[in-house]
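A.B. asks: The following block contains a protein sequence and its predicted model.
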Amino acid sequence: MSNNKNDNKNEENEKTEEVYYTGLGAQNNIEETMFSLLYIMVKENSFHQILAIIFLIVEDFQVLNFVFRTEWFPTMPHIVPIIVDVLSFEMASVQVLRVLMILMFILVIAVISSAIYVAISFHAGRFKSLWPILILRNLTTFLMSIFYIPCVHIFVGFITCSEGYLVRFSEVKCYTTSHYPFFIGSIIGLCLFIPYTVLMSSVFVDPLPFNKGNPLTKPSGREDLIYCFFRLFLIVLENITKITIHSAAPSMYLLSLGIIYMIYKVIRHQPLHNATFNRIRAGIWSGVFLSTFPAIICSLMNEPPQKDWSWITALALIVPGFIFGFLMSIKSHRMVTTGIYNRLREKKKLDEITEEKIRNNEIDPEDLEHENVVRSMDRIATSKFIRKKVKVFKCEEDCELVCRFVRYNRNPEAYQLMRMLFDEGIKQFPKEAFVFIQYCFYLFSMQNFNKSYSLLDDDNKTTPYKLLERAAKLRPAFDNRFFISFATQTMEQIKKSKELDSSKIDISTFVELETLESSAIKFHISTLNELKILFKKLKESTNPKDCINYTSSLKKISEVQSLADEQYVRLLTKFTGNREARQMYFLFLKDVLNLPEKAAKYYTDDKVLKMVNDSKDNYKSNSSLYSSNNKLNRRIRSADLLRSNNQLTAYSKYDRELIKELSYRKNMQKVFIKPIEKYVIFFEMIIYLNFIILAIGSVFNIVTFYKISDKLDEFETSLKASYLVTSLCEKYRIMQLGAACQRKDIWLEKIEETKPLIEDIDNNLLELLNKYSTLDPSGNEITLLYSNQNRPSKYEYNLYQVGYMVDRMSTFISSTEYDFSKPENILFDTPMRFFLDNEKVNFNSIMKKTSDMVLEELNSKINSQIYILIGTTAITTILYIISTFFGLNPLLKLISKIQIEVLRMFRHIPTKYIDDLIEKLDKQREIIYLNFKVADESKSSNKKDDDLLNSKKTKNNLFVCYSSLCIFVICGAMIFIPAYVTESSQSGMIDLIHKSSTRLQLMRSSFIYTMETKIQDRITYLPGESERLLTSTINDLKTIQHNIRYGKYKAPPSIEIDVLYNLLVEPSCKRNSNAECDERVYDHDLGYTQNISELPLDDLISHYISVAEEYIINNKNNNYTDYYNELSCNQTLSNIEIDRNIQLQETLLVDIIDGLFKFDHLIIQELKDENDSAIEISIILLIVCFTINIAVYKFRIKSVMDEKKHEMNDLITLAFMIPRDVINKAPPYKKFIETGETNDD
């Protein structure tokens, strides 16, 4: 009795379980690919109701763009077209439309590309993520609705031309260089956009009547297709008539006529499932229709009205039109459904009368099947029966329309009424696939909603899938074929959710499930094929050396095995309740990987046991394989015991042969894999060491960059040293003259000019001197050496002495009051005399030494950076070479040797047993095809998967590793590219600045010596010495200027340095700020004009040099100054003040000094910016290169190592595929299995 119950249960399961062919409806592979894409686009396409209403309103109101035109409403404000069509671009300029055209073109290309990518990926079984679908779904929705008219308008606007100009923009010429890109882009955009939107209009439809997440569901997309063509014709007609009759009125007339048909369609057929949305659309279109009347009247007038009543009336008529259409939609729906119900009642009454006549033998039932029965004269003459044909439905759409009540009423009575209505529709329209498809959707949706089938009619033999099969035989149109495919895939998705004990699986889960199942099966079958190929090669081999060529087969087997195992594990991890996948994985572990102890974990299905037993019976004729199957059954039973008991109890009952095999496997792994692991560890250690050295070198490189940037600030400060000393000389010379002449005003003026110089020395230079000087004072006084004494070069001033002297000067300037009646007190003041006598050369040398020392330290930093670059690159390259020659090459050679030796061992297996193995593999393939509903396309491997496998098969591991090592070296060099580029120019630019800073001191010195030629101070200078020094200074300045300008130093010519272009080439103000530039006082008589002051710096210096040389020629035989004679001092001051050449030099000097400071600062700032950029780029390259290195190591080198280990494990598995009784008949092979030794003697 229990058996009968089980049989009944099985019969019931078989009855309720249907096998769905998801390719039903598709006529070819292209359609199947398209339908798969459309299914995942449409399925679960959720849309918020408020957002859907907004989209619907914006989309339908866009046609008002053809009504509200200034052509017939000249007084209409420009805001009105934007109000009725928020995406109207009528008022946009050509520049704006060009930008919009580019954006639309990119959007169309993105949509088409996404569709192709998703379709191919899904069909090839490699679709992994859902985000491309979400993007494609949303972009398609936008293109089909609110972006349709704007997109076509924009594309067509760049194509239509009249008399050589664009129709829309009469000032833009057609077929010019600027027009061709947009012309061609628009043609391409339309060629892609129109077919895509036409296709999607008919099939981008969610036909399920119970999708709560999408309020825009509809039974068909044919109304959308008509609406799509209607809008396209409006735009095309508008542009044609603008060319021919220079008017857009015909498009408005077509809108008025076409909208009537659209109103009829929406009111009569109610294309949307949601009644509210049908009413809103009917109202909008009715309002559009009424608003066309004022526009038509105005367009027919000779002159459009110049008043506002016309466009206001057209705008106001939208409201009553909306109300009228809304109410008419309600009334029409009620009339249609009421009429159908009345005709159905009438037909049921006639059917009852007919049945009664049949029972009374008044009518022959056979005659009812013939239409000519009504022509019988006997029956016509009688009044007992006149057959009347009642058509319940006026059209096939009514069958679906009248059944929408089940969306809100899902009880069994509603279900029975729905079935009765559709059954009547099938009788009336037996050749309309639309009726069968909609019947399927409603029937399936009701059955899926009512989980308890007892509430529904179980006796009815009509099932959703049978309805689809009948529809598919009617040769349906393209859209109906898609709906058939959509229904089968939906039912398959629901079926999968039931199999997985899940209330519902979403589209992403379903896609993932289908993809994983397809991939696992394909790789499973590929593994069997590769094993068969290898055994055929071994069977046909006649020379032991042939095994060298078979190692590639091992790699192929390992690859497909790992891929299949990976897909199965992912599939069963994600979908643990998938019984079919568990059965497939059981076969894979048992027959392919030869792991019965692991396969036992998935041995839970009676179907598999029956299949294995049938397989055993089919192989009884072969004793060896029969023995093998017996052992397999024992292993499976042992594995079951192992799962149910603890380990000790299980091993006591475990099959002895299986335990031996496990120990042999473990021993063989030690023999084959342990030596490989040693090489792998050595290779990995070298790689890790390389990464560490590269990281340390990169960090030191970046730190050095920071230090160089800091030193550049100090270097810029140290460059002022000579200039500050020389400037003090100039100020003190005038102060001394002013004091001798008792000119206190000059004294005080120069004191104020001296204070910033003293502060600069005190605040900046002394800090640098503190870094580079000793603190061992030799005395508290500074010995002055006069010009008439023997003055050796003296550099012995230390920091204490310099600081003491600067402090004395500060005190002297800030607080000391001198008695101007005693000039000797001033003449012999120690600080002042120091800067007037030639002893200043010693002090200048000390201060300049600071700049030299900073420069030396900068060069030291740059050299150390170069050493780091060269050292790191050399060490990493050497380590990579070591890892290749002492780690990688021996590893690959060892693996190849082991593989060849193992393959040679198969020569000891008799040929007939290899034939049995090949036959067993074929049988396993047939088992998969026959028992697990594998689709036919899985028998022929998918082209994309073949390409994937072939690309993997053709990889050369040696090439992969060598190329990866080259990538490591290249990445290591890339990290230091910023340093190489920066260092190549940095040292030269620093040398240029150092040389250029000398010009500051020379410019000041030349001016001082110019004044000295006027002063003729015999205390300090011998006769003619100041003139000689002036000439020498000018010559030195000319030499440096020439060398800098023409690149005689390490740096390139100054005029070729980009950062100096504005300073050296373009006329500009050299002052520090705009305020100082505005304060310049020009003197044309003096020769100082705006053109002169804004000369390029080199030209300005050349002009200054020419002025100085002119002064040397014209000023000779000046009288010396007697400091003890006030009159002589006053005369000297007067000569200096009235000398226009000196005044011009002093004025030019201000611009030149500021320009030279800018020269140095711009280069230093450029170097700092380059260092900052180099730091940033180095950090980015460091991160990128380390990421690349890690990725290359992990996914290429590491994968090769893991792949080789996996190949060795697969090689061991392959060795144990030979049955034990066959092994016992081949002693050399038996010894190999038991010891792992491959001596082939």
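C.D. replies: Looks like it came in fine. Numbers count the residues shown, from 1 in each chain.
A.B. asks: all contacts plus neighbour counts: C-alpha atoms, from now on.
C.D. replies: Noted.
A.B. asks: pLDDT at the residue lying farthest from the centre of the chain, what is it?
C.D. replies: Distance from the C-alpha centroid of the chain, by C-alpha atoms, centre = their mean, peaks at residue 1125 (85.9 Å). Per-residue pLDDT puts residue 1125 at 73.
A.B. asks: again, but for the one 4 residues further on
C.D. replies: According to the prediction, residue 1129 has pLDDT 79.
A.B. asks: Need the three-state assignment for it.
C.D. replies: helix (DSSP: H, G, I helix; E, B strand; the rest coil).
A.B. asks: Tell me how far it lies from residue 357.
C.D. replies: Distance of residue 1129 to residue 357, given as C-alpha to C-alpha, to the nearest Å: 152 Å.
A.B. asks: try residue 863
C.D. replies: Counting by C-alpha to C-alpha, the gap from residue 863 to residue 357 is 117 Å.
A.B. asks: circling back to that earlier point, out of residue 1129 and residue 357, which sits in the busier spot?
C.D. replies: residue 1129 (23 against 16; other C-alpha atoms under 10 Å).
A.B. asks: Pull out the buried residues from the helix or strand where residue 895 lies.
C.D. replies: According to DSSP states H and E, residue 895 maps onto helix 889-905. By neighbour count on 16 or more other C-alpha atoms under 10 Å, the buried set for helix 889-905 is 891-892, 895, 898-905.
A.B. asks: could you say what helices and strands it packs with?
C.D. replies: When contacts are defined as 3 or more C-alpha pairs under 8 Å, 6 or more residues apart in numbering; DSSP states H and E, helix 889-905 sits against helix 551-574, helix 656-718, helix 1198-1215, helix 1227-1235.
A.B. asks: In CSV: those helices, plus distance to residue 856 and mean pLDDT.
C.D. replies: Formatted as CSV, these follow (distance: least, C-alpha to C-alpha, whole Å; pLDDT from 0 to 100):
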stretch, distance to residue 856, mean pLDDT
helix 551-574, 61, 78
helix 656-718, 10, 78
helix 1198-1215, 47, 75
helix 1227-1235, 71, 77
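A.B. asks: between those, which one is nearest to residue 1069?
C.D. replies: Checking those against residue 1069 by C-alpha to C-alpha gives helix 656-718 as the closest, at 22.0 Å.
A.B. asks: from the middle of its chain, how far away would the closest one be?
C.D. replies: Centroid separation for helix 656-718 versus its chain: 30 Å, with C-alpha atoms, centre = their mean, to the nearest Å.
A.B. asks: you'd agree residue 483 is up against residue 207?
C.D. replies: Yes - using C-alpha atoms under 8 Å, residue 483 is in contact with residue 207, at 7.5 Å.
A.B. asks: neighbour-wise, which of these two wins?
C.D. replies: residue 483 (28 against 25).
A.B. asks: How about the backbone phi and psi for the more buried one?
C.D. replies: phi -60, psi -30 (degrees, to the nearest 10).
A.B. asks: List the residues that contact it.
C.D. replies: Contact analysis of residue 483 by C-alpha atoms under 8 Å, 6 or more residues apart in numbering lists 203, 207, 437.
A.B. asks: Reformat the residues you listed into JSON lines and put pLDDT and secondary structure next to each item.
C.D. replies: Compiled in JSON lines, these are given as follows (pLDDT from 0 to 100; DSSP: H, G, I helix; E, B strand; the rest coil):
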{"residue": "203", "pLDDT": "87", "secondary structure": "helix"}
{"residue": "207", "pLDDT": "87", "secondary structure": "coil"}
{"residue": "437", "pLDDT": "89", "secondary structure": "helix"}
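A.B. asks: Same list, the residues you listed, but as TSV with distance to residue 1148 please.
C.D. replies: Output for those, formatted as TSV (distance: C-alpha to C-alpha, whole Å):
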residue	distance to residue 1148
203	82
207	87
437	95
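A.B. asks: of those, closest to residue 490?
C.D. replies: For the contacts of residue 483, the nearest to residue 490 is residue 207 (11.1 Å; C-alpha to C-alpha).
A.B. asks: where are the low-confidence patches of the stretch 101-250 of the chain?
C.D. replies: 122-130 (pLDDT under 70).
A.B. asks: ranges for the strands of it?
C.D. replies: 161-162, 165-166 (DSSP state E, counting those that start in this stretch).
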